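> Following is a predicted model, sequence given first.
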Amino acid sequence: MTIRFRLDPEKPDERALAVAGRVLRSGRLVAFPTETVYGLGANALSAEAVARIFVAKGRPADNPLIVHVASVEDVRQVARMDHRAEALFRRFAPGPLTLVLPAREDVPENVRASLPTVAVRIPAHPVALGLLRHCGCPVAAPSANSSGRPSPTTAEAVADDLGNAPAVLLDGGSTALGVESTVVDAVSETLTLLRPGGLPLEELEAVAGKVLLPETAQLLAHSPGTRHRHYAPTLPLFLWEEDGRVWTEVAALAQPEEIGYVGLREPPFPCGAMRRFPHEDAYAAGLFATLRDLEKCNLRILVADMPSSFRIGRALRDRLRRAAQLS
């Protein structure tokens, strides 16, 4: 049976964090909030503990995990960090930036998906940072959901997907950003964006200069969330681009009351359930929870408004395309 602690996200109970830290050290799983989404954590230096993540999620073994640490200095526990990587972490961490770096030899193969690299980040959430301090070890943590499902932004979504798989669930309320971290390859001479996320590319480039886009699937394999089915609701998802042609197709497949809609613009077609957001930041924060909510309505089809290609919109477009199984 999962032990669930409901915590003040700004001032979490140290006793609850201490219990969760002991659980992690014992090799069991802990689900916890970050500023992006909820993570399912295990001791990153224990292959046996990490294996429990893959079983609980039904996650493919060739999908690497992100290792969470509490400070820039702690990055060196799992990765070799040069001056450029250290400067990026000191500028953007704690925060939604994940760097792919050369892995140290004691990082288990199942964390790295047998790659020579490891993905590392420092989360910006008091519960996550408190847990990391109490457990005293780096924590491997993908999103705390069944593999392929929309990422969890509430403790309820974690419980719906994973049941009693986590020994402890730290409930810190809804997450702030709602999309996962930005993943950047920092091994090569030039930085490469592997996954857009909560740190906009524009902010990263303002500090680091030009960031390349990946040219090969082999390089993308170094990042979580770039292969396999991800973020998908149980209902077919259609994407509304600027031209609006998708509505003709949707109208031929379902009655208005059978259509669910999520997005920014007013849809040109009646819908049975609808959630509109005032701006893209709110859209990102509410997307995954809305997809899960719409699944529970009496609908046949979902339509999502495609945002801009800038700032958080870039990450939203990526998640929506993958949810619609177009990438």
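Yes, it's here.
> Could you say which helix or strand holds the most centrally placed residue in the chain?
The centre of the chain sits closest to Glu180, judged by Cα atoms, centre = their mean, with a distance of 3.1 Å. Glu180 belongs to no helix or strand when assigned by DSSP states H and E.
> Pro268 sits in which helix or strand?
Here Pro268, judged by DSSP H and E, is contained in no helix and no strand.
> All the helices of this protein, residue numbers only.
14-25, 47-57, 83-92, 109-112, 126-135, 155-162, 201-208, 217-220, 246-253, 280-295, 312-323 (DSSP state H).
> Format these as JSON lines; extra columns: mean neighbour count.
Glycine gets a C-beta too; all of them are placed from N, C-alpha and C. Output for the helices of the chain, formatted as JSON lines (neighbours: other Cβ atoms under 10 Å):
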{"stretch": "helix 14-25", "mean neighbour count": "19"}
{"stretch": "helix 47-57", "mean neighbour count": "18"}
{"stretch": "helix 83-92", "mean neighbour count": "16"}
{"stretch": "helix 109-112", "mean neighbour count": "19"}
{"stretch": "helix 126-135", "mean neighbour count": "23"}
{"stretch": "helix 155-162", "mean neighbour count": "21"}
{"stretch": "helix 201-208", "mean neighbour count": "14"}
{"stretch": "helix 217-220", "mean neighbour count": "13"}
{"stretch": "helix 246-253", "mean neighbour count": "14"}
{"stretch": "helix 280-295", "mean neighbour count": "21"}
{"stretch": "helix 312-323", "mean neighbour count": "22"}
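> per-stretch mean pLDDT over the ones you listed, give me the minimum one.
Mean pLDDT across the helices of the chain is lowest at helix 217-220; the value there is a mean of 62.
> domain ranges for the chain?
Following the assignment in automatic domain parsing, the chain carries domains at 3-220, 237-323.
> Save these as JSON lines, and put in distance to His230 too.
JSON lines is the format used below for the domains of the chain (distance: least, Cβ to Cβ, whole Å):
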{"stretch": "domain 3-220", "distance to His230": "6"}
{"stretch": "domain 237-323", "distance to His230": "5"}
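> Out of these, the one nearest Tyr231 is which?
Nearest to Tyr231, of all those, is domain 237-323, at 4.1 Å by Cβ to Cβ.
> Could you work out the end-to-end span of the closest one for me?
One end of domain 237-323 sits 7 Å from the other (Cα to Cα, to the nearest Å).
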